[in-house]
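Novice: Quick one, what's the 3D model for this:
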Amino acid sequence: MLSAILPLVFSALALASDADTHPFVPPGPGDVRSPCPALNSLANHGFLPHSGQGITVPQFVQALKDGLNVGAQFATVAGTAALASNPTLFGATSVDLNMLDEHNFPIEHDCSLSRKDAYFGDDHTFDQDTFNQVLAYFDGSEVATIPAASKGRYHRVQQSMATNPELSYGALQFVLSYGETALYLSVLDNPLRGNPPVSYVKSFFENETLPYNLGWTKPEIEVDFETLQPIITELILANGEVIPEGLTLDVGTLISIWELKDPITGKLRNTTCALLGLC
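Specialist: Predicted coordinates for the structure are as follows:
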């Protein structure tokens, strides 16, 4: 009997610990945020500096581990990529979250699940109308399944293709887009399953909060490139989107994206080539 109760007690203590020590505090005057709801949520809960400013790679690594149980390899590669958006460029040791607003570099991209395309103006602030297009595919369900998430994501791509004359959607955006869907499904549920409650998904995107108040706890299994890759494959198979020619969707490709390399050519991307539209 005791052996059955103890895990529940420890789970409750863990929930109380994270929820109590990292309560949600919305951004205030002078605080900055990014186009990424995960990073914004971590800042809103104090895992990252609440100001959203002066964030170092070690802080990214610690925050992603403590807040979402994302592994050090993913967090280090992603944090290092984020540094490249600092206008200081050479010698930069930290980054502000709003520096990640640069279109197509390193993380902002067209066909976002919750932001407008750059062509339509503000591409970094949450947009309810855009996110509603994704939510429509969860209609009537309490669970965000992989097939529904896949179709909602692909709808955003098709919508942008139909309305954005300056759409940028190639192999890079293809991988980033599937990667971000796999990531939210993983951190809000279990990286081996990827089926979180829709209520968690809504809270995460709409309020940029970690949904402790709804019963969420970070996954016990660490999220990393190796766990994201099979979910990405499931997402692609669920909607029939054609994989860009020459693209191999393995763990190495996922890592190369965050190392700022073109997923097909291996060419290194930087701020200059992004601004000129050459990468």
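Novice: Quick check: residue 257 touching residue 178?
Specialist: No - Residue 257 is beyond contact range of residue 178, at 10.4 Å (criterion: Cβ atoms under 8 Å). (Glycine included, C-beta is placed from N, CA and C.)
Novice: which residues touch the closest residue to residue 113 other than its chain neighbours?
Specialist: In space, residue 113 comes closest to residue 134 once its chain neighbours are excluded; the distance is 5.2 Å by Cβ to Cβ, 6 or more residues apart in numbering. Residues near residue 134 by Cβ atoms under 8 Å, 6 or more residues apart in numbering: 113, 114, 149, 152, 153, 155, 156.
Novice: mind listing the helices in the chain by residue range?
Specialist: Counting by DSSP state H, the chain has helices at residues 2-21, 37-44, 57-68, 72-83, 128-135, 146-163, 171-187, 198-202, 225-237, 251-258, 271-275.
Novice: Need those in JSON lines (columns: distance to residue 216 and mean pLDDT).
Specialist: Formatted as JSON lines, these follow (distance: least, Cβ to Cβ, whole Å; pLDDT from 0 to 100):
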{"stretch": "helix 2-21", "distance to residue 216": "8", "mean pLDDT": "61"}
{"stretch": "helix 37-44", "distance to residue 216": "11", "mean pLDDT": "98"}
{"stretch": "helix 57-68", "distance to residue 216": "11", "mean pLDDT": "98"}
{"stretch": "helix 72-83", "distance to residue 216": "20", "mean pLDDT": "92"}
{"stretch": "helix 128-135", "distance to residue 216": "18", "mean pLDDT": "98"}
{"stretch": "helix 146-163", "distance to residue 216": "17", "mean pLDDT": "98"}
{"stretch": "helix 171-187", "distance to residue 216": "9", "mean pLDDT": "94"}
{"stretch": "helix 198-202", "distance to residue 216": "5", "mean pLDDT": "98"}
{"stretch": "helix 225-237", "distance to residue 216": "18", "mean pLDDT": "96"}
{"stretch": "helix 251-258", "distance to residue 216": "25", "mean pLDDT": "86"}
{"stretch": "helix 271-275", "distance to residue 216": "35", "mean pLDDT": "48"}
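Novice: Right, I'll call it a day here.
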